[in-house]
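A.B. asks: I'd like to go over a predicted model; first the sequence, then the structure.
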Amino acid sequence: GSPMATYELAPGVLGYAMAGHGGEVYVPFIQATTPGAGDVGRFLDSLAPGTKVPNVISDQLVGMLERRGWMLTFEETDLGPCDVWVKP
């Protein structure tokens, strides 16, 4: 679960998305309603270039991002550096 409110981001995908200071789109929480159905993969494929997924802790999600060519970067925050996956 997540401590933040979740919304249906796409069919079969719950999560949370927000705009950053420079107009970037951040998706800090993604969850499949039916794991293994491919919905999260289709959602990632539908996102615009430049979309960012911060603080990924799921090995499965890391693999999905890597296979799709997302790039791991780091951003400085008030709490220190944060890992951020960016869609090319």
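C.D. replies: Yes, it's here. Numbers count the residues shown, from 1 in each chain.
A.B. asks: Enumerate every residue touching the spatially most central residue of the chain.
C.D. replies: Compute the mean C-alpha point of the chain, and by Cα atoms, centre = their mean the closest residue is Val53, 3.4 Å away. Remark: with contacts taken as Cβ atoms under 8 Å, 6 or more residues apart in numbering, Val53 is in contact with Tyr26, Val27, Pro28, Ile30, Leu61, Leu65, Trp70, Val84, Trp85. C-beta here means a position set from N, CA and C on the backbone, and glycine is covered the same way.
A.B. asks: Can you list which of these are found in helices?
C.D. replies: Judged by DSSP state H, the contacts of Val53 include Leu61, Leu65 as members of helices.
A.B. asks: how far is stretch 9-19 from where the chain is centred?
C.D. replies: Stretch 9-19 sits 9 Å away from the centroid of its parent chain (Cα atoms, centre = their mean, to the nearest Å).
A.B. asks: can you count the residues close to Cys64?
C.D. replies: One correction, residue 64 is Met, not Cys. A count of neighbours around Met64, defined by other Cβ atoms under 10 Å, yields 20.
A.B. asks: ok, the spatially closest residue to it that is not a sequence neighbour to Ala5 distance?
C.D. replies: Closest residue in space to Met64, ignoring its immediate chain neighbours: Gly41 at 5.8 Å, by Cβ to Cβ, 6 or more residues apart in numbering. Computed with Cβ to Cβ, to the nearest Å, the distance linking Gly41 and Ala5 is 24 Å.
A.B. asks: quick one, which of those two is more surrounded?
C.D. replies: Using other Cβ under 10 Å as the criterion, Gly41 and Ala5 rank with Gly41 on top: 14 against 7.
A.B. asks: wait, isn't that one in contact with Leu61?
C.D. replies: No - counting by Cβ atoms under 8 Å, no contact exists between Gly41 and Leu61, whose distance comes to 10.0 Å.
A.B. asks: This protein: strands as residue ranges?
C.D. replies: Listed in chain order, the strands found in the chain under DSSP state E are 7-10, 13-19, 25-32, 52-54, 71-77, 80-86.
A.B. asks: can you give me the offset of the fourth one from its chain's centre?
C.D. replies: Meaning strand 52-54. Once both centres are worked out by Cα atoms, centre = their mean, strand 52-54 turns out to sit 5 Å from its chain's centre.
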